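> 3D, please:
(one chain, ligands or ions: 2)
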Amino acid sequence: MRKFISFEGIDGAGKSSHIPWMADLLRGAGKSVVVSREPGGTPLGERLRAMLLGEPMSIDTELLLMTAARAEHLAQVIQPALDRGDIVLCDRFHDSSYAFQGGGRGISLDRLESLDKWCGGARPDLTFLFDVPTAEAQRRMDGSRDQKDRFETEAEGFHAAVRRVYLERAAAEPGRVVVIDSTQAIDAIRAELSGHVQKLVLGE
Ligand SMILES: Nc1ncnc2c1ncn2[C@@H]1O[C@H](COP(=O)(O)OP(=O)(O)O)[C@@H](O)[C@H]1O
Ligand SMILES: Cc1cn([C@H]2C[C@H](O)[C@@H](COP(=O)(O)OP(=O)(O)O)O2)c(=O)[nH]c1=O
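Ligands and ions are numbered 1, 2, ... in the order given. So this is what the prediction gives:
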């Protein structure tokens with residue numbers, strides 16, 4: 001049974017509303033579920049999140065703070081929850097660093113991998129990648145955000161590079177990453193997610 005599940009995608013892909021929905025689905029099946037997010041998920045991590053989304057900083061500082069928030073999140077929330085036997089639904093995890101700091105910012109794979117190892121190389125058992133073209137994500141953000149953060153205001157080329165890395169990672173790890181066509185209507189996406197949950201989370 002897959003217990004550590006992450007949700008990924010470019011900004012505006014439409015992943016967020018599916019997370020509380022999936023938590024309800026799993027709780028309805030009698031499971032204990034912890035819902036969390038990155039950057040964030042702990043009091044310190046939420047303070048780091050506010051800095052990361054709001055304050056200008058060098059790209060190395062950005063990666064180091066994302067990693068620091070992840071180390072704290074793993075130690076305080078994710079590992080204890082998995083040790084208790086809970087299911088963890090995490091809004092973004094390590095793939096976000098490869099996609100945003102690697103693809104978007106251009107940080108080398110070597111550097112990303114060494115920091116990843118520093119965090120113990122923790123890996124979700126299952127990742128849902130919500131994929132949409134950047135123009136559609138932009139339209140969705142324009143329609144839903146009063147204020148855009150430091151990542152959401154990046155140029156189209158940044159988001160295109162982030163999307164490219166996500167899709168490369170999904171192609172390299174098909175057993176872990178399930179790509180969801182997020183241009184579909186929300187109900188159709190949920191029907192698809194529900195099938196994956198029955199098979200991969202409740203059925204294994
Ligand atoms: N499948 C969909 N079709 C149309 N609009 C969607 C879809 N999924 C989400 N949206 C809308 O797009 C906007 C951004 O969605 P959100 O879940 O906040 O994206 P993300 O968390 O991936 O950045 C919201 O207004 C949301 O209602
Ligand atoms: C976890 C993580 C997030 N991010 C970025 C991606 C998002 O733009 C931002 C916050 O993610 P998110 O919670 O999806 O933003 P929102 O609530 O506005 O939908 O942090 C990274 O750049 N690297 C990372 O490792």
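
> Next up, the contacts around the spatially most central residue of the chain.
The chain has Arg92 as the residue nearest its centroid, 1.7 Å off, counting by C-alpha atoms, centre = their mean. By C-beta atoms under 8 Å, 6 or more residues apart in numbering, the contact list for Arg92 reads 6-8, 37-39. Heads up, the C-betas are built off the backbone N, CA and C, glycines and all.

> check contacts around the closest residue to Ser32 other than its chain neighbours.
Nearest residue to Ser32, sequence neighbours excluded (C-beta to C-beta, 6 or more residues apart in numbering): Asp86, at 4.4 Å. Taking C-beta under 8 Å, 6+ apart, we find Asp86 in contact with 3, 31-34.

> got it, and Arg145?
So Arg145 contacts Glu152 (C-beta under 8 Å, 6+ apart).

> before we move on, what about Gln79?
Gln79 neighbours (C-beta under 8 Å, 6+ apart): Ala122.

> Quick one, grab the pLDDT at the closest residue to Asp60 other than its chain neighbours.
Sequence neighbours aside, Ile107 is the residue nearest to Asp60 in space, at 7.5 Å (criterion: C-beta to C-beta, 6+ apart). Predicted confidence (pLDDT) for Ile107: 98.

> Repeat that for the one 3 residues further on.
As summarised for this prediction, Asp110 has a pLDDT of 97.

> So which residues on this structure come close to ligand 1?
9, 11-17, 130, 140, 143-144, 182, 184-186, 189 (C-beta under 6 Å from any ligand atom).

> For Asp139, which residues are in contact?
Slight slip there: residue 139 is Arg, not Asp. Gly12.

> Next, work out how far apart it and Pro133 are.
10 Å (C-beta to C-beta, to the nearest Å).

> And for Ala75?
37 Å.

> likewise Ile189?
Applying C-beta to C-beta to Ile189 and Pro133 gives a distance of 16 Å.

> what does Glu113 give?
Distance from Glu113 to Pro133, by C-beta to C-beta: 29 Å.

> And for Val33?
Distance from Val33 to Pro133, by C-beta to C-beta: 31 Å.

> One more: Met1?
34 Å.

> Then Arg150?
In terms of C-beta to C-beta, Arg150 sits 22 Å off from Pro133.

> Quick check: what element follows the longest helix seen in the chain along the chain?
Among the segments of the chain that qualify as a helix by DSSP state H, the longest is helix 156-172. Remark: after helix 156-172, the chain's next helix or strand is strand 177-181, criterion DSSP states H and E.

> hmm, back to that, just among the contacts of Arg92, which is most surrounded?
Using other C-beta atoms under 10 Å as the neighbour test, the contacts of Arg92 are led by Glu8, with 28 neighbours.

> Is it correct that that residue falls within a strand?
Yes - counting by DSSP: H, G, I helix; E, B strand; the rest coil, one finds Glu8 located in a strand.

> give the contact list for it.
15, 92-93, 95-96, 99, 127-130, 166.

> Pairing partners for it in the sheet, please.
Beta bridges link Glu8 to Leu129, judged by DSSP bridges.

> Relative to Ser96, how far out is it?
Glu8 is 6 Å from Ser96, by C-beta to C-beta.
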